[in-house]
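> here's a sequence, model it:
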Amino acid sequence: MLRNKIGLLVLAILFNIIQVEACRYTIREIGFSALNKVTYILYRVDSYTATFPNQLAAGFKSSNIKTHAINASIEKDNQVIAFAKSQNKGFPVYVLVDINKRMLALSAAEYKNKIVSGVLASPIQQQLQEKLPVNYATVLLIEGREAESNHLARQHILKTCKHIENIMPNMPKQVDLGPDMTVIEQSNFEDEKVLLWSLGVDEVPKKPIAFILYAKGRIMGEQVDFEDIISEKLYGLMSIIGADCECGLDRKWMLGYQVPLDWPKDIRQGLSDRLGFDVDNPMVLTEMSRILAIENRAPKTPDGISFEPIVVDLDKEFNDIPEIEHKVLTIVDGGTGNTSNQIIWYSMLGLLLIISVGSFFILKKKS
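Residues are numbered from 1 along each chain as shown. Predicted structure coming up:
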């Protein structure tokens, strides 16, 4: 009886160690992957031809925006064409459509050959492109019409960012830089029209609002209203980003809605070097998909949307992703990292196996 109890105890300890070792990715790291990606479609609507210039289309290749052309004289019942005509911008016109079928019309005459920069390279989008691969997260503050509320929101966001930075050393994985704040001022609303549209913001709000962006331009949670900015909710949402992906959290938090963002190869290469693995590697994507599928039975929301991740079809989804040359990380004396953590866990595992075997022979000898 005693031997059975000891055996069960050893197995329980080993099982817990294996579970801890299995938590290989944080929510931030999952957020860099292409799993359950949100894809925007940019339509070029013309009255006589269905062509999207190759040079322009190439500018969106590394982004989360796909390009498509429509001939308005042929597909007369198309909702995109009906929307384009209602905007009175003249043909050709570009129509950006999100996953919820919201549309934004962009005049070809206005953007000319700068449609790529107009959609993907606003000042704030360029900042996000530089910050997100390195920072823990970015709190995007959208100013409102009340100056006092704007000032108070700034203070609370900076305080919360500092609070998160202070607890980062205790998180499972370390990030180069802590969270920061990026502000869209009222005077910059027109410059950030596409980004604001993607966030569902069509006009200057009365009071400031915020969005927490992390990884590949993903939103943690939803819009944070002024009342929640100055409460503990902002801190609670931000702290989730650094947690293990297998912490029991509803998986909808791991694959948040994405803003339009370019993600070229040089950025992905630098990210791979920092993380120590390539988030677009098919084997990594398969493992992440398997982790997200574990006990992922989140109920649907009232409007019928399910947050359950899509099963990865590697041949279909990822065969066109350029291969990234992964830089092998070297471990120096006194350094810490994933490799050293694995050595510790495997050492503990070996020690427990030795103890269990020794206990077995001692008990056997006594009996």
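> give me the beta-bridge partners of Val97?
Ile41, Met103 (DSSP bridges).
> how's this protein carved up into domains?
2-23+332-366, 40-114, 123-253, 264-317 (automatic domain parsing).
> ok, which stretches of this structure are strands?
For the chain, applying DSSP state E gives strands covering 40-46, 65-71, 93-97, 103-107, 138-142, 180-184, 209-214, 218-219.
> how about a markdown table for those strands, with distance to Met288 added?
No exception for glycine: its C-beta is placed from N, CA and C like everyone else's. Putting those into a markdown table (distance: least, C-beta to C-beta, whole Å) gives the following:
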| stretch | distance to Met288 |
| --- | --- |
| strand 40-46 | 22 |
| strand 65-71 | 22 |
| strand 93-97 | 27 |
| strand 103-107 | 31 |
| strand 138-142 | 23 |
| strand 180-184 | 26 |
| strand 209-214 | 16 |
| strand 218-219 | 14 |
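> remind me which residues of the stretch 151-300 of the chain are low pLDDT?
245-254, 292-300 (pLDDT under 70).
> what do you get if the cut-off is 50, keeping everything else the same?
295-300 (pLDDT under 50).
> who's in contact with the residue lying closest to Ala121 once chain neighbours are set aside?
With C-beta to C-beta, 6 or more residues apart in numbering as the criterion, Ala121 has its nearest non-adjacent residue at 7.1 Å, and that residue is Asp262. Counting by C-beta atoms under 8 Å, 6 or more residues apart in numbering, Asp262 touches 62-63, 120-121, 125, 129.
> and the domains of the chain as JSON lines, adding mean neighbour count?
As requested, these are arranged in JSON lines below (neighbours: other C-beta atoms under 10 Å):
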{"stretch": "domain 2-23+332-366", "mean neighbour count": "12"}
{"stretch": "domain 40-114", "mean neighbour count": "16"}
{"stretch": "domain 123-253", "mean neighbour count": "18"}
{"stretch": "domain 264-317", "mean neighbour count": "15"}
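> hang on, the earlier thing: just the ones of the contacts of Asp262 in helices?
120, 125, 129 (DSSP state H).
> columns distance to Met288 on top of the residues you listed, output as a markdown table?
Shown next, in a markdown table, are the ones in helices among the contacts of Asp262 (distance: C-beta to C-beta, whole Å):
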| residue | distance to Met288 |
| --- | --- |
| Leu120 | 26 |
| Gln125 | 26 |
| Gln129 | 22 |
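> Ala108: which of those is nearest?
Closest to Ala108 out of these is Leu120 (16.3 Å), distances taken as C-beta to C-beta.
> list the contacts of the closest one.
59-60, 63, 65, 194, 260-262.
> in helices, which of those residues appear?
Using DSSP H, those in helices are Val194.
> and the contacts of Leu120, which is closest to Val279?
Leu261 (14.6 Å).
> look up phi and psi at that closest one.
Backbone torsions of Leu261, given as degrees, to the nearest 10, read phi -160, psi 140.
> where's the residue nearest to it when sequence neighbours are not counted relative to Leu199, distance?
Closest residue to Leu261 apart from its sequence neighbours, by C-beta to C-beta, 6+ apart: Gly217 at 3.9 Å. According to C-beta to C-beta, to the nearest Å, Gly217 and Leu199 sit 11 Å apart.
> common neighbours of those two, please.
Val259.
> so how far is Ala210 from His151?
From His151 to Ala210 the distance is 14 Å (C-beta to C-beta).
> again, but for Glu75
40 Å.
> of the strands of the chain, which is nearest Arg28?
strand 209-214 (5.6 Å).
> what sits up against the closest one?
By C-beta under 8 Å, 6+ apart, the list of residues contacting strand 209-214 reads 28, 31, 128, 132, 136-142, 144, 153, 157, 199, 201, 219-221, 223-226, 229, 234, 237-238, 241, 256, 259.
> sorry, back to before: format the ones in helices among the contacts of Asp262 as a markdown table; extra columns: pLDDT and distance to Val93.
Listed next are the ones in helices among the contacts of Asp262 as a markdown table, based on pLDDT from 0 to 100; distance: C-beta to C-beta, whole Å:
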| residue | pLDDT | distance to Val93 |
| --- | --- | --- |
| Leu120 | 93 | 18 |
| Gln125 | 96 | 22 |
| Gln129 | 95 | 26 |
